[in-house]
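J.: with the input below, show me the fold.
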Amino acid sequence: MLTKYIVIVMKNKVSKPTESELEILTVLWQKGKSSVRTVHEELSKTKECGYTTTLKLMQIMFEKKLVNRDSSSKIHIYEAAVNKEKTQRLFVNKMIQNLFSGSSSQMILQALGNHTASKQELGEIEAYIAKLKAGH
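T.: Down below sits the predicted model:
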């Protein structure tokens, strides 16, 4: 019975994206289904990267099941296979554990100390804290 459990856990395990893969996922989350060319052009706006590098990374991401690929036409179309919010939670939880010794309050204090939050952002934070205090 334990063997079945281990197989199920390993089968459902999602690979953690690298920094470069996360940049590609961000483009796909923003633009939706896209060709390699579209993703490459978007990445090129903020960093120097070669088309073949983007292509290879996206092929690797397909193998890792981070993206889905539609190969039914000449131009392959990719879309994110991982949920943005789940991926954000994965990275935030890892960051809290590794950089802030498990203290989410220390992470929040650090983030607010290094970034000037707008009145809208502060309102959202206050509303979320009130919701947590109310037990929801």
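J.: so which elements touch whichever strand or helix holds Thr53?
T.: For Thr53, the host element (DSSP states H and E) is helix 51-63. Where contact means 3 or more Cβ pairs under 8 Å, 6 or more residues apart in numbering; DSSP states H and E, helix 51-63 is packed against helix 19-31, helix 36-44, strand 67-70, strand 77-80. All C-beta spots, glycine's among them, are computed from the backbone N, C-alpha and C.
J.: thought Ala80 was touching Lys65?
T.: No: counting by Cβ atoms under 8 Å, Lys65 is not a contact partner of Ala80; they are 10.9 Å apart.
J.: where does this structure dip in pLDDT?
T.: 1-14, 136 (pLDDT under 70).
J.: got the domain ranges for the chain?
T.: With domains defined by automatic domain parsing, the chain comprises 17-80, 84-133.
J.: quick one: residues contacting the residue nearest the centre of the chain.
T.: Nearest to the geometric centre of the chain sits Thr87, at 4.1 Å (Cα atoms, centre = their mean). By Cβ atoms under 8 Å, 6 or more residues apart in numbering, the contact set of Thr87 is 17, 22, 25.
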